[in-house]
Structures are given as C-alpha cells and as structure tokens.
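Peer 1: fold the following and give me the result.
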Amino acid sequence: MEKTIAGVNLIVDDEGYLQDINQWNKEVGTEIAREEGIEMTDKHWQVIDYIQDQFKSDSPLTIRKVGKSGVTDIKEFYSLFPEGPLKKASKIAGIKKPVSCI
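Peer 2: Reported below is the predicted structural model:
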C-alpha cells in the first residue's frame, strides 16, 4: 500500500511500517514520529541510529537488547517512545516491525 509522508510516496504495510528502508530519510522519520505523537530529540535520533544499524546487520531487535545497548536503558526507552517503544521506534526508523513485537 502507498502512503505519502513528508512529500514522498512510500510503500508501507497495513500498520504503516515502511517496507523498504532505502525510502527512509530523516524528514520521513520526523513526520512518522509526529504522527505517533513524539517530538524527536538528539536522544531519540541516537536510538533510531542504533536500531537502523542493528537492522542493517540482520541482528534481531528486542526491548532488552536496546536497553543493554549503552545508547539508552529500558526505562528511558519507554519514556522516549511510550506505549510500545520498540514498535514506535522501529516505525520511525523506517524498518519492518520486529518479529518480537505483537
């Protein structure tokens, strides 16, 4: 399915996750964050960078792994991305929903 975000036509799944990370840029991420009710800060972008790096290296993502990354701890991860931190952060990062997310 197609969706226009930040003036770009993107291919997304039924839940709004990008299907091709190559379509992602920071403006797209900022707009998705806005739709999710999140105001991005430098700390948010550090987490997004980590998630994208893990995705690109085919490393499975979990909340626990992000919490042990040294980028953020689990408590801060939940405060940065409330109500489903890994789901929201993954969507903003432009990656497919992690299999560990329901």
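
Peer 1: list the buried residues for the lengthiest helix in the chain?
Peer 2: Across the chain, the longest stretch assigned as helix under DSSP state H is helix 42-56. Using 16 or more other CB atoms under 10 Å as the burial criterion, the residues of helix 42-56 that qualify are 44-45, 47-48, 50-52, 54-55. Yep, even glycine has a C-beta here, placed from its N, CA and C like the rest.

Peer 1: pLDDT weak spots in this protein?
Peer 2: By pLDDT under 70, the low-scoring segments of the chain are 102.

Peer 1: all strands of it, in order?
Peer 2: All strands of the chain, identified by DSSP state E, fall at 2-5, 8-11.

Peer 1: now render the buried residues of helix 42-56 as JSON lines, adding distance to residue 28.
Peer 2: Converted to JSON lines, the buried residues of helix 42-56 look like this (distance: CB to CB, whole Å):
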{"residue": "44", "distance to residue 28": "14"}
{"residue": "45", "distance to residue 28": "13"}
{"residue": "47", "distance to residue 28": "16"}
{"residue": "48", "distance to residue 28": "11"}
{"residue": "50", "distance to residue 28": "18"}
{"residue": "51", "distance to residue 28": "15"}
{"residue": "52", "distance to residue 28": "12"}
{"residue": "54", "distance to residue 28": "19"}
{"residue": "55", "distance to residue 28": "15"}
